[in-house]
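Kindly return the folded structure for what I paste below:
(chains A and B)
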Amino acid sequence: GNSVTQMEGPVTLSEEAFLTINCTYTATGYPSLFWYVQYPGEGLQLLLKATKADDKGSNKGFEATYRKETTSFHLEKGSVQVSDSAVYFCALSSYSSASKIIFGSGTRLSIRP
Amino acid sequence: KAGVTQTPRYLIKTRGQQVTLSCSPISGHRSVSWYQQTPGQGLQFLFEYFSETQRNKGNFPGRFSGRQFSNSRSEMNVSTLELGDSALYLCASSLDGSSYNSPLHFGNGTRLTVT
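Prediction:
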């Protein structure tokens, strides 16, 4: 079945450091890929998405590129801020089960001032 | 535009009891999905409703059920509560859920504690 694997956390970085959170997936066909973010005490918010191979999703300085050859969708940001501290979830949905989104286990990110 | 609203925010129940959680989707959204979030299992899909019909279901026992009303509001019910049901229950809405390009909008969740 479909699945998402993302790097274990927590990840702790200093402000202005470069961020990468790895995400790989297993799916049949051509899934859509998403990154969601969860701030403390809140639900998840869509951060960015990509719907086909080689698409790049971007938002708030975060980027991720849909790589079909490596089945990956790694999240990157060039210079993180304290306000980026949150839990990040990689996710996919497939055409065959469009309403059922499969989430990775989440990666907690903490940024030191 | 108001976001997804879940009530109540917190619930404490005893084993064996039942509980009902409520979710009001974003106006115009017709698809409502429910997820269970726990530290050990992460986010797990419970079910999805569209136009008052359950369209998709995860791998949860029959004690977990839901419904959707004509105004798209949704409720989920858990009967015969177990300690392992303690979790954050998240509701998410989307325009129609049938397009795999339609992102989910989440509520802030209901924190259920079973003692």
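
pLDDT below threshold where in the chain?
Using chain A. Scanning chain A with the threshold set as pLDDT under 70 gives A:95-99.

ah, I was thinking of chain B
B:1, B:98-101.

Just the buried residues of stretch A:70-85, please?
Buried residues in stretch A:70-85, counted by 16 or more other C-beta atoms under 10 Å in any protein chain shown: A:72-75, A:77, A:80, A:84-85. C-betas here are computed from N, CA, C, even on glycine.

Tell me if the strand ranked longest in chain A is near chain B.
Under DSSP state E, the strand in chain A containing the largest number of residues is strand A:86-94. Yes: under the criterion of C-beta under 8 Å from any C-beta of the partner chain, chain B is reached by strand A:86-94 at A:89, A:93-94.

Including neighbour count, could the residues you listed go into a markdown table?
Output for these, formatted as a markdown table (neighbours: other C-beta atoms under 10 Å in any protein chain shown):
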| residue | neighbour count |
| --- | --- |
| A:F89 | 26 |
| A:S93 | 26 |
| A:S94 | 19 |
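
Adding distance to A:T20, write the buried residues of stretch A:70-85 out as CSV.
As requested, these are exported to CSV (distance: C-beta to C-beta, whole Å):
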residue, distance to A:T20
A:S72, 11
A:F73, 12
A:H74, 6
A:L75, 7
A:K77, 8
A:V80, 11
A:D84, 13
A:S85, 16
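
how many neighbours does A:G41 have?
9 (other C-beta atoms under 10 Å in any protein chain shown).

B:G58 too?
15.

Now it. Nearest residue, chain neighbours left out?
Nearest non-adjacent residue to B:G58, counting by C-beta to C-beta, 6 or more residues apart in numbering or on different chains: B:F45, 4.0 Å away.

hang on, isn't the one you found packed against B:Q37?
No: counting by C-beta atoms under 8 Å, B:F45 does not reach B:Q37; the two are 10.9 Å apart.

Spatially central, which residue of chain B would that be?
B:W34 (3.0 Å; C-alpha atoms, centre = their mean).

Return the residues in contact with the spatially closest residue to it that is not a sequence neighbour.
Counting by C-beta to C-beta, 6+ apart, B:L46 is the residue found nearest to B:W34 once chain neighbours are left out, at 4.1 Å. Residues near B:L46 by C-beta atoms under 8 Å, 6 or more residues apart in numbering or on different chains: B:33-36, B:57-58, B:60, B:64, B:66, B:76, B:89.

Same question for B:L21.
B:6-8, B:11, B:75-78, B:89, B:91, B:110, B:112.

what's the closest residue to chain B within chain A in contact with, if anything?
Closest residue of chain A to chain B, C-beta to the nearest C-beta: A:G43 (3.4 Å). Applying C-beta under 8 Å, 6+ apart, we find A:G43 in contact with B:4, B:6, B:90, B:92, B:106-109.

Recalculate using a threshold of 10 Å.
Residues in contact with A:G43 (C-beta atoms under 10 Å, 6 or more residues apart in numbering or on different chains) are A:36, B:3-4, B:6, B:35, B:37, B:88, B:90-92, B:104-109.

For chain A, which residues are neighbours of chain B?
Proximity of chain A to chain B, by C-beta under 10 Å from any C-beta of the partner chain, involves residues A:4, A:6, A:29-32, A:34, A:36, A:38, A:41-49, A:51, A:89, A:91-106.

and those, which are buried?
A:4, A:6, A:31-32, A:34, A:36, A:38, A:43-49, A:51, A:89, A:91-94, A:97-106.
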